[in-house]
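1. Using only what follows, build the 3D model:
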Amino acid sequence: MPGPISQFIDHHYRHFNAASLVDAANGYIKHLDDGGIMFVTLAGAMSTAELGCSLAEMIRQGKIHGISCTGANLEEDVFNLVAHNHYKRIPGYRYLTAKDEQTLLEGHFNRVTDTCIPEEEAMRRIERIVSDRWRSYEAAGKRGFPYEFLYEILLDGSLKEFYEIDPKDSWMMAAAQKNLPIFVPGWEDSTLGNVFAAHVIDGRLKSPHVMKSGIETMIRLSEWYVDVTEKQKKSIGFFQIGGGIAGDFPICVVPMIEQDLRRPTQLWGYFCQISDSTTSYGSYSGAVPNEKITWGKLSPETPSYVIESDATIVAPLIFAKVLGW
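-> Residues are numbered from 1 along each chain as shown. A predicted model of the protein is given here:
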């Protein structure tokens, strides 16, 4: 029997964006029940918004099978794991003056909407630990994707003494324990990506070769997609939170296989986008799903949903319903 959150949603969410939420959640459940798997993309600042409180359980329960995320979302879940008590929340962030912002900078706090990430306890703490892995890989002639280095330090206990939240609320910990494939396009556009570049520039690393590139990430994604759809004969759904490169990069793997490799493949078998972007055909985040048909990403028969709302509110509710909470 569905739990109290699911019952509340079913009774009260009857129209407009609320009804779209119910439809998308039910479509998600049906896709899994029909034997499909789900791919989730994370844009925005969902890790700093602590989406891990529900996302981690989705991963543990086998409701998510692959993730594409920005470098910021990849690292900020780990930052929160080790520095949560040092974060500063600013409920009145809309009213900060330029001088207020400068004061935060001088206090080594980096603001993300209403939450400030502490530089020393979060960013520098992880830098010191993960940079040792970069150097050890380089010395051994090994290479890795950005997420693989973080998986190592999560699984070997290197961070355990610094935990400031229950690790069950870290989606990166859940993903590491499941060895979930994570694809991180544009990783250099993140704090650790900047740090990595600095280590190469000043000679602490000999070259950027130890880190696998965005092109290699696309190649790995195509291998994973083909393995799941052709060898395992499973349909892959696409659950998109926000837009940007985290969503556009992975959804393009299908037309790349079809049009550039010239080999037939399955289209995505389910699509849902949560976005508060203004509907527009001039942007990726604001484009409606039908536009993706013209790019060979979805078909007219693909179950498709758009929920125009704040993902920090919507995503946990959908996850709750999928989990039967």
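2. Find the helix or strand that the most far-flung residue of the chain relative to its centre is a member of.
-> For the chain, the largest distance from the centre (C-alpha atoms, centre = their mean) belongs to residue 99, which lies 32.8 Å off. Assigned by DSSP states H and E, residue 99 falls within helix 98-106.
3. Show me what that helix packs onto, helices and strands only.
-> Packed against helix 98-106 by the contact rule (3 or more C-beta pairs under 8 Å, 6 or more residues apart in numbering; DSSP states H and E) you find strand 109-112. All C-beta spots, glycine's among them, are computed from the backbone N, C-alpha and C.
4. Compute the distance from the centre of the helix or strand following the strand it packs on to the centre of its chain.
-> Per DSSP H and E, the first helix or strand lying C-terminal to strand 109-112 is strand 115-118. How far strand 115-118 lies from its chain's middle: 19 Å, per C-alpha atoms, centre = their mean, to the nearest Å.
5. Likewise for stretch 187-204?
-> For stretch 187-204, the distance to the chain centre is 21 Å (C-alpha atoms, centre = their mean).
6. before we move on, what about stretch 57-68?
-> 11 Å.
7. Which positions in that stretch come out as buried?
-> Neighbour-count burial for stretch 57-68 flags 57, 58, 59, 60, 63, 64, 65, 66, 67, 68 (criterion: 16 or more other C-beta atoms under 10 Å).
8. Kindly report the same for stretch 310-325.
-> 311-312, 314-323, 325.
9. Dump these into JSON lines; add pLDDT as well.
-> Shown next, in JSON lines, are these (pLDDT from 0 to 100):
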{"residue": "311", "pLDDT": "96"}
{"residue": "312", "pLDDT": "96"}
{"residue": "314", "pLDDT": "97"}
{"residue": "315", "pLDDT": "98"}
{"residue": "316", "pLDDT": "98"}
{"residue": "317", "pLDDT": "98"}
{"residue": "318", "pLDDT": "98"}
{"residue": "319", "pLDDT": "98"}
{"residue": "320", "pLDDT": "98"}
{"residue": "321", "pLDDT": "98"}
{"residue": "322", "pLDDT": "98"}
{"residue": "323", "pLDDT": "98"}
{"residue": "325", "pLDDT": "98"}
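10. returning to what we had before: average pLDDT for the helix holding residue 99?
-> Helix 98-106 shows a mean pLDDT of 97.
11. and if you look at stretch 226-240?
-> On average, stretch 226-240 scores 98.
12. Please apply the same query to stretch 52-66.
-> So the average pLDDT for stretch 52-66 ends up being 98.
13. re earlier: check the offset of the helix holding residue 99 from the chain's centre.
-> For helix 98-106, the distance to the chain centre is 29 Å (C-alpha atoms, centre = their mean).
14. for this protein, which helix is longest?
-> helix 16-33 (DSSP state H).
15. What is that one packed up against?
-> Counting by 3+ C-beta pairs under 8 Å, 6+ apart, helix 16-33 packs on helix 4-12, strand 37-42, strand 236-241, strand 270-275, strand 304-308, helix 311-323.
16. Now the ones you listed in a markdown table, please, with extra columns for distance to residue 215.
-> Below are these laid out as a markdown table (distance: least, C-beta to C-beta, whole Å):
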| stretch | distance to residue 215 |
| --- | --- |
| helix 4-12 | 41 |
| strand 37-42 | 19 |
| strand 236-241 | 21 |
| strand 270-275 | 25 |
| strand 304-308 | 29 |
| helix 311-323 | 29 |
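17. Among those, which comes closest to residue 125?
-> Closest to residue 125 of the helices and strands packed on helix 16-33 is strand 37-42 (C-beta to C-beta; 22.4 Å).
18. So what are the sheet partners of that closest one and their directions?
-> Strand 37-42 has the following strand partners under DSSP bridges: strand 66-69 (parallel), strand 236-241 (parallel).
19. can you list these in a markdown table and add distance to residue 299?
-> Putting the strands paired with strand 37-42 into a markdown table (distance: least, C-beta to C-beta, whole Å) gives the following:
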| stretch | distance to residue 299 |
| --- | --- |
| strand 66-69 | 20 |
| strand 236-241 | 13 |
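20. Between those strands, which one is closest to residue 166.
-> strand 66-69 (20.7 Å).
21. what helices or strands is the very next helix or strand once past that closest one leaning on?
-> Using DSSP H and E, the helix or strand that follows strand 66-69 in sequence is helix 71-83. Judged by 3+ C-beta pairs under 8 Å, 6+ apart, helix 71-83 is in contact with strand 115-118, helix 125-140, helix 146-155, helix 171-178, helix 191-201.
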